[in-house]
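Chemist: Sequence and predicted structure, then a few things I'm wondering about:
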Amino acid sequence: MPTVPTKTLSQKLFNALLTLALAGPVFLAGCSENAQDQAESEAARDILVNTYEVRGRVTALPKPDDAASALMIHHERIPDFVNNKGEIDPMREMIMSFPVDEGVDLSGVAVGDSVAFDFVVTWGGLESGWVLTEIEKLPAETPLDLGAPNAHDHDAHGHGHGDHAGHNH
């Protein structure tokens, strides 16, 4: 019976190390991508995004020569507002500062105008905050359910006075 040459232990070890050296980085890269995908997926679950359709009265417009100025709107109560914990936490009527999304045209809007507007609130991640995404002027005679401005409302420069963390308006 002919003998079949066998590999020596050092040859087997060399081949195993060579395989590991060539396949290891591919395997580790796959693990790294899976871990990154999982982390991104978990982070995405922690991000809450809600859009609200609201009505209100414009109290200030941003001034082109003053970066600290802002669009200010005294808005009606938002009964279905969702806070940063994902819980329904109605927001009272108040005056708020609204950052304006790119492409939103404020040229037909003036202080004192009644408006309907949409704004998006994002909780979690790098994009936490809110932004006005649409605005439409309403007829002047449109009734709005607004109370008197409150000391806890946002001032004309968008600075809040009171506890606004997680909403608590």
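Modeler: Great, that's in hand.
Chemist: the helices in this structure, which residues?
Modeler: Secondary structure of the chain (DSSP state H): helices at 9-45.
Chemist: wait, doesn't Phe119 sit right on Arg55?
Modeler: No: the pair Phe119 / Arg55 is not scored as a contact, 11.8 Å apart, by Cβ atoms under 8 Å. Any C-beta I mention is one placed from the backbone N, CA and C, and that applies to glycine too.
Chemist: Could you tell me how many residues sit around Ala60?
Modeler: A count of nearby residues for Ala60, using other Cβ atoms under 10 Å, gives 18.
Chemist: Return the distance of it relative to Leu71.
Modeler: 7 Å (Cβ to Cβ, to the nearest Å).
Chemist: Same check on Ala148?
Modeler: To Leu71, Ala148 is 21 Å away according to Cβ to Cβ.
Chemist: Which of these two has more residues huddled nearby?
Modeler: Of the pair Ala148 and Leu71, Leu71 is the one with more neighbours under other Cβ under 10 Å, namely 22 against 6.
Chemist: Pro79 versus the more buried one, what's the distance?
Modeler: Leu71 is 23 Å from Pro79, where distance means Cβ to Cβ.
Chemist: One more: Gly125?
Modeler: Gly125 sits 26 Å away from Pro79, taking Cβ to Cβ as the criterion.
Chemist: okay, those two: which has more neighbours?
Modeler: It is Gly125, of Gly125 and Pro79, that has more neighbours when counted by other Cβ under 10 Å, with 12 against 9.
Chemist: quick one: the more buried one and Asp46 touch, right?
Modeler: Yes: contact criterion Cβ under 8 Å: Gly125 and Asp46 qualify, at 7.4 Å.
Chemist: anything in contact with each of those two?
Modeler: Shared contacts of Gly125 and Asp46, defined by Cβ atoms under 8 Å, 6 or more residues apart in numbering, are absent.
Chemist: now this structure, which segments are flagged as low pLDDT?
Modeler: Along the chain, the model assigns pLDDT under 70 to residues 1-45, 149-169.
Chemist: What's the biggest strand in it, counting residues?
Modeler: Longest strand in the chain by number of residues (criterion: DSSP state E): strand 48-60.
Chemist: strands paired with it, and their directions?
Modeler: Strand 48-60 has the following strand partners under DSSP bridges: strand 71-75 (antiparallel), strand 114-123 (antiparallel).
Chemist: show me the contacts for Leu61.
Modeler: Contacts for Leu61 (Cβ under 8 Å, 6+ apart) come out as 69, 71-72, 106, 109-111.
Chemist: returning to that earlier point: now, of the strands paired with strand 48-60, which is deepest in the fold?
Modeler: Highest mean neighbour count among the strands paired with strand 48-60 (mean count of other Cβ atoms under 10 Å): strand 71-75, with a mean of 23.
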